[in-house]
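*Asks:* Sequence first, then the predicted structure:
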Amino acid sequence: MLHHSLLYSLIRRSKIILLAGLGAGILSLFAGLLFPLEYRADAQALIIPQSRYGVDPYTVVKSAERVGENIVAIMKTDDFYQKVVTQSGPALDTSRFAGVSERVKRKRWQRAVRASVVYGTGIVNISAYHAKPDEAKALAAACKTAFGKIDASLKVGHDKASSPAAPAATGTTGAPAITLDLLGVACPMNYVKTKLQLEEMEPLQILEVLLDAGEPAENVPRSVKSDGYRVMSLAEEAGHYRLVIENKAE
């Protein structure tokens, strides 16, 4: 009788273990279908600002970190995606971004490429994800190349303000407006420089940005708005555009 009782108990436990294993297998199958396995490839980019004489190392590192944070934000945009695809050509697999809405494409791009700043070093880590390891490596390398082209013209501190062609406005704080001449500066570098300039200014101070027609005049105002700045006006003058931005209150 005791023998039969032990045998029944073992069979019952075996069934429970079998059912638990079967359930885990089904869950793993569904998870694999919903979230396909992706390989990750990493790359690192070092920001080396073109520092001016007399700038101490701490300021250089902090400036590099600030620049890195802005470029990391830029890497999530459609502008950066277009740069990566354009320079890589057909060698890069972009099938997952084709035939979908802009919203879906943007979300997929942000999942495919992630970047972060290693504080205190001036290094930016870039991670790319793809179902194929070789494609993940190719995407990481393409992003690093595009990143390097952006970083090449960055400087410590902000650009000197140029004399405005029109009378400068005055911000709510009474501080005089600053004019930033970005004629000839392509996307997304023009937005990076705009963002860095705004971070150097007083709250609610006015920034006037001179932009080329076409993509710069379309993309920079849109990016500025999405970052929470107030676009006061965008006007065409003498073949280019003047964008007037009010800095944040804090």
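*Replies:* Perfect, thanks for sending it. Every value quoted in this text rests on a predicted model; they were computed, and no experiment measured them.
*Asks:* which element follows the lowest-mean-pLDDT helix or strand in the chain toward the C-terminus?
*Replies:* When each helix and strand of the chain is scored by mean pLDDT, DSSP states H and E, helix 2-34 comes last, with a mean of 58. Next in sequence after helix 2-34, counting helices and strands by DSSP states H and E, comes strand 39-46.
*Asks:* Can you point out the buried residues in that next one?
*Replies:* Neighbour counts over strand 39-46 (16 or more other C-beta atoms under 10 Å) mark 41, 43, 45 as buried. Using the backbone N, CA and C atoms, a C-beta is placed for each residue, glycine as well.
*Asks:* how about the strands of the chain, start to end?
*Replies:* Secondary structure of the chain (DSSP state E): strands located at 39-46, 113-118, 123-130, 178-181, 206-212, 230-237, 240-246.
*Asks:* Export those strands to CSV and append columns for mean pLDDT and distance to residue 146.
*Replies:* CSV is the format used below for the strands of the chain (pLDDT from 0 to 100; distance: least, C-beta to C-beta, whole Å):
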stretch, mean pLDDT, distance to residue 146
strand 39-46, 90, 10
strand 113-118, 91, 10
strand 123-130, 92, 10
strand 178-181, 91, 23
strand 206-212, 93, 20
strand 230-237, 92, 26
strand 240-246, 94, 24
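*Asks:* Switch the ones you listed over to a markdown table; also include distance to residue 139.
*Replies:* Listed next are these as a markdown table, based on distance: least, C-beta to C-beta, whole Å:
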| stretch | distance to residue 139 |
| --- | --- |
| strand 39-46 | 7 |
| strand 113-118 | 7 |
| strand 123-130 | 4 |
| strand 178-181 | 33 |
| strand 206-212 | 29 |
| strand 230-237 | 33 |
| strand 240-246 | 32 |
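*Asks:* winner for burial among these?
*Replies:* Most buried of the strands of the chain, by mean neighbour count (mean count of other C-beta atoms under 10 Å): strand 206-212, with a mean of 23.
*Asks:* Mind giving me the packing neighbours of that strand?
*Replies:* strand 178-181, helix 189-200, helix 215-226, strand 240-246 (3 or more C-beta pairs under 8 Å, 6 or more residues apart in numbering; DSSP states H and E).
*Asks:* and of the ones you listed, who's closest to residue 94?
*Replies:* Of all the helices and strands packed on strand 206-212, helix 215-226 sits nearest to residue 94, with 19.6 Å by C-beta to C-beta.
*Asks:* Next, the angle from the closest one to strand 230-237.
*Replies:* On the basis of axes from the mean of the first three to the mean of the last three C-alpha atoms, to 10 degrees, helix 215-226 is oriented at 170 degrees to strand 230-237.
*Asks:* Do me a favour and average the pLDDT over helix 215-226.
*Replies:* The pLDDT scores in helix 215-226 average 89.
*Asks:* quick check, distance from that helix to the centre of its chain.
*Replies:* 15 Å (C-alpha atoms, centre = their mean, to the nearest Å).
*Asks:* Give the other helices and strands that it contacts.
*Replies:* With contacts taken as 3+ C-beta pairs under 8 Å, 6+ apart, helix 215-226 sits against helix 78-88, helix 189-200, strand 206-212, strand 230-237, strand 240-246.
*Asks:* Any idea which of those gets closest to residue 108?
*Replies:* helix 78-88 (9.8 Å).
*Asks:* Residues contacting that closest one, please?
*Replies:* The contact list for helix 78-88, computed with C-beta atoms under 8 Å, 6 or more residues apart in numbering, reads 74, 92, 94, 97, 102, 105-106, 109, 138-139, 142-143, 145-146, 149, 187-188, 191, 215, 219, 223.
*Asks:* List the buried residues in it.
*Replies:* Buried residues in helix 78-88 (16+ other C-beta under 10 Å): 78, 79, 80, 81, 83, 84, 85, 88.
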